[in-house]
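Student: from the sequence below, what's the structure:
(chains A and B)
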There are 2 protein chains.
Amino acid sequence: MKIGVLGTGTVGLTIATKLAELRHEVTVGSRSADNEDAAKWAGEAGGDASSGTFADAAGRAELVFNCTSGSHSLEALEMASAENLDGKVLVDVANPLDFSRGMPPTLSICNDGSLGERIQAAFPGARVVKSLNTVNAAVMTDPESLSEPTNIFVCGNDGPAKEQVRELLEDFGWEAEAVLDLGDITAARGQELYVALWLRLMGPAGGASFNIHVVH
Amino acid sequence: MKIGVLGTGTVGLTIATKLAELRHEVTVGSRSADNEDAAKWAGEAGGDASSGTFADAAGRAELVFNCTSGSHSLEALEMASAENLDGKVLVDVANPLDFSRGMPPTLSICNDGSLGERIQAAFPGARVVKSLNTVNAAVMTDPESLSEPTNIFVCGNDGPAKEQVRELLEDFGWEAEAVLDLGDITAARGQELYVALWLRLMGPAGGASFNIHVVH
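Tutor: The predicted structure follows:
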């Protein structure tokens, strides 16, 4: 599949690498066409990997990952353009973290909204699926690195879009039953607010490579 | 131990019953001394169980559970009085849920604060420990009812207070290693905001009796 990955941070490049390993045709997008991290990544990934602007990456893609930092996601998606996102599955991995008040960050969108919902509202033609924002990049693409099976969440208004994301997650190593569908895009509130707990769990977990398993 | 349980809802009475079974001397406190639910509970629990006002329950107690609804907790604790809470461990189980905008509820305190912190600030002499707010009443007092071990969180500014709560949690059935210390009382933000995810996990979990296990 032709996949655009917006964002050249650890999350974006880790996901792009995994997708390239899975033989997808990946374009990493950034603010400018000559982003060095993106060009370096494309050179190392080889094959069909390429880099370009946000608009290049979204325009070529059948499916788009938003891996930009949450505080810039809406702006980055504007640069990608609504036209380039129309009808496409848009996997929103970003968290609306506000680092301006020091560590740990707070969330810039409170519990009566979410970045996922704002993206869906701003780009009504995109088929937004919130996922993967509850784990770090290493766990996203290698869930089997943890000592026991854990869960990953999806939410969104478009059922077939969620199914498509579930299949990609399975390719990433998530078991089918590990993927929990939390409902429509308003569930992004829960997925994003959980990050406030995640930040404090890093202490007892001894780092950022951990996740939760829902037990009933 | 003499324990006061503030609140006569499911959470308060479930915790009070468990504590009475563990042979603690429990007083359930409510807004008025003639609360029927509290009196009925004390009659059925027998032994040293009693009921009274918030001030009665806190005044008699060596340790206090706040099981009032989050939107009324500060008011209830004012009725219990700062003097009756001074120097005592105060286990804050409440969530600041706002049901005024329909279901699922939102949180009335956002991520730059928490009910736990507000209670500690309003009652500086109390040794506040946030705990148990991340599970329903059945799981709080019977964690072994779940199919696998899960985790419960404590946070607060007073180390010995957290240790005392940890011991009580072990009496409730939580394994020592299941109790994760998230740090000072500001971690109450994470514990409370997680509830937004918890509310959406009820769907996939098939009800409210579930919990999470932190896996690394």
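Student: every contact and neighbour count from this point should use C-alpha atoms.
Tutor: Will do.
Student: for the nearest residue to residue A:146 once chain neighbours are set aside, grab the count of nearby residues.
Tutor: Closest residue to residue A:146 apart from its sequence neighbours, by Cα to Cα, 6 or more residues apart in numbering or on different chains: residue B:216 at 5.3 Å. Other residues within reach of residue B:216, judged by other Cα atoms under 10 Å in any protein chain shown, total 20.
Student: contacts only, for residue B:216.
Tutor: By Cα atoms under 8 Å, 6 or more residues apart in numbering or on different chains, the contact list for residue B:216 reads A:146-148, A:205, A:209-211.
Student: kindly recompute the last result at 10 Å.
Tutor: Contacts here follow Cα atoms under 10 Å, 6 or more residues apart in numbering or on different chains; on that basis residue B:216 touches A:139, A:145-150, A:202, A:204-212.
Student: which among these count as buried?
Tutor: For the contacts of residue B:216, a burial check counting by 16 or more other Cα atoms under 10 Å in any protein chain shown picks out A:139, A:149-150, A:202, A:205, A:208-212.
Student: ok, residue A:31 touching residue A:73?
Tutor: No. Residue A:31 lies out of contact with residue A:73 (Cα atoms under 10 Å); the separation is 11.3 Å.
Student: more neighbours, the two?
Tutor: Taking residue A:31 and residue A:73 together and counting by other Cα under 10 Å, residue A:73 has the greater number of neighbours (22 against 17).
Student: on that earlier part again, now the buried ones among the contacts of residue B:216 in JSON lines, with distance to residue A:95 and pLDDT?
Tutor: Output for the buried ones among the contacts of residue B:216, formatted as JSON lines (distance: Cα to Cα, whole Å; pLDDT from 0 to 100):
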{"residue": "A:139", "distance to residue A:95": "16", "pLDDT": "98"}
{"residue": "A:149", "distance to residue A:95": "23", "pLDDT": "97"}
{"residue": "A:150", "distance to residue A:95": "20", "pLDDT": "98"}
{"residue": "A:202", "distance to residue A:95": "17", "pLDDT": "97"}
{"residue": "A:205", "distance to residue A:95": "20", "pLDDT": "96"}
{"residue": "A:208", "distance to residue A:95": "15", "pLDDT": "98"}
{"residue": "A:209", "distance to residue A:95": "17", "pLDDT": "98"}
{"residue": "A:210", "distance to residue A:95": "17", "pLDDT": "98"}
{"residue": "A:211", "distance to residue A:95": "16", "pLDDT": "98"}
{"residue": "A:212", "distance to residue A:95": "18", "pLDDT": "98"}
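Student: and residue A:34, what element?
Tutor: Per DSSP states H and E, residue A:34 falls between elements, in no helix or strand.
Student: next, count neighbours for it.
Tutor: Neighbours of residue A:34 (other Cα under 10 Å): 12.
Student: any idea of the pLDDT on residue A:141?
Tutor: As predicted, residue A:141 sits at a pLDDT of 98.
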